[in-house]
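[1] Predicted structure and sequence below. I'll ask about it afterward.
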Amino acid sequence: MGKNEYKSGFVTIIGRPNVGKSTLLNQIIGQKIAIMSDKPQTTRNKIQAVYTTEVGQVVFIDTPGIHKPKNKLGDFMVHLALRTLMEVDLVLFLTDVTQKLGPGDRYIIEQLNHIKTPVFLVVNKIDQVHPDDLLPYIDEYRSLFSFKEIIPISALQGNNVTTLLQQILYMLPEGPQYYPADQITDHPEQFIITELIREKVLHLTREEIPHSIAVVIEEMDERENNTIYVRAVIYTERDSQKGILIGKKGSMLKEIGKQAREDIENLLGSKIFLDLWVKVKRDWRNQEFYLRNFGYRKDE
């Protein structure tokens, strides 16, 4: 393929919460840039990742899962996901083959019927079902929408992901290389660090706490012996949640810090001193001021 045939474009990954969108993104990029957990609505912002080869460049946008909003933060997340449909060259509609087609999938298909952007149906988690179950599952989706391609994959195991990437590049128009070949995301390091800390809270806590927190980096600079000092605040909505996040004699906060520090050191390749704090901002998910301060802006 000659220089003039270089392919490039923007691709969004859309789907119900918890179908494996962030897992797919991390599998494609080969590095952890999007946090993963078994709890719905893990992704809150658009995560932009860059996949570059000699023949093309794909800029992926991993969106929050589309769901029925319960607060202003939920409104922000759904607004963000739907808006990206209009701004990209290709939509990947990711589904979980272990889950039956439900109202959430039908709602997404209804939105897809209003756009002209080509759509791939990407059926995830094929390693968890018998091959005979795959065709009836695909037929049900195919009866509701005219997909440009239908590609079964396992994002976790990497099965068929290479084929998916080949088909994506085939679909994209000729275009420039938007980012340097060695750049894998346009998000600053501080954003990824806040996400890694939030991921540890998602893993280590339960019930309402995972969805009630926001993480903000207040200070980050290089200290002696090439150590990076990071002071981060975990905001939550109630004093009782603050107590759980700190734990008995600080045990929970220490564990969150220990696990997050390991990932951050892998990300930055430097020794990290992580100084974690917990503060309460009551009902922050319903207050525009705090949503904007914590980085959730509809106009960006």
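    Yep, it's here.

[2] Every contact and neighbour count from this point should use C-alpha atoms.
    OK.

[3] so where do the helices sit in the chain?
    Secondary structure of the chain (DSSP state H): helices located at 21-29, 72-84, 103-112, 134-142, 161-171, 189-204, 239-246, 251-268, 288-293.

[4] What residues sit buried inside the fourth one?
    Yep, that's helix 134-142 we're talking about. Of the residues in helix 134-142, 137-138, 141 count as buried by neighbour count, 16 or more other C-alpha atoms under 10 Å.

[5] next one: the longest one
    Of the residues in helix 251-268, those with enough neighbours to count as buried (16+ other C-alpha under 10 Å) are 252-257, 260-261, 263-265, 267.

[6] Where does confidence bottom out across those residues?
    The pLDDT minimum for the buried residues of helix 251-268 sits at L267, where the score is 77.

[7] Quick check: that one vs L196, distance?
    With distances taken as C-alpha to C-alpha, to the nearest Å, L267 is found 10 Å from L196.

[8] Then D62?
    Applying C-alpha to C-alpha, one obtains 16 Å for the distance of D62 from L196.

[9] do I151 as well
    Relative to L196, I151 is positioned 30 Å away (criterion: C-alpha to C-alpha).

[10] Which one's more surrounded, those two?
    L196 (26 against 17; other C-alpha atoms under 10 Å).

[11] Hmm, I264 and the more buried one touching each other?
    Yes. Between L196 and I264 there is a contact under C-alpha atoms under 8 Å: 7.3 Å.

[12] ok, how many other residues are close to N159?
    One way to gauge burial is a neighbour count; for N159, by other C-alpha under 10 Å, it gives 16.

[13] likewise Q183?
    A count of neighbours around Q183, defined by other C-alpha under 10 Å, yields 11.

[14] Once you drop chain neighbours, what's closest to it?
    By the measure of C-alpha to C-alpha, 6 or more residues apart in numbering, the closest residue to Q183 outside its immediate chain neighbours is V50, 6.7 Å from it.

[15] do the same with N286
    Closest residue in space to N286, ignoring its immediate chain neighbours: K72 at 5.0 Å, by C-alpha to C-alpha, 6+ apart.

[16] Might you report the residue contacts of I246?
    With contact taken as C-alpha atoms under 8 Å, 6 or more residues apart in numbering, I246 is in contact with 252-254, 278.

[17] run the last query once more with 10 Å
    Contact analysis of I246 by C-alpha atoms under 10 Å, 6 or more residues apart in numbering lists 252-256, 276-278.

[18] again with K116
    The contact partners of K116, taken as C-alpha under 10 Å, 6+ apart, are 85-86, 89-90.

[19] Also V11?
    Under the criterion of C-alpha under 10 Å, 6+ apart, the contact partners of V11 comprise 48-49, 58-62, 84-85, 87-92, 119, 168, 172.

[20] With E237 instead?
    Remark: with contacts taken as C-alpha under 10 Å, 6+ apart, E237 is in contact with 209, 211-214, 279-285.
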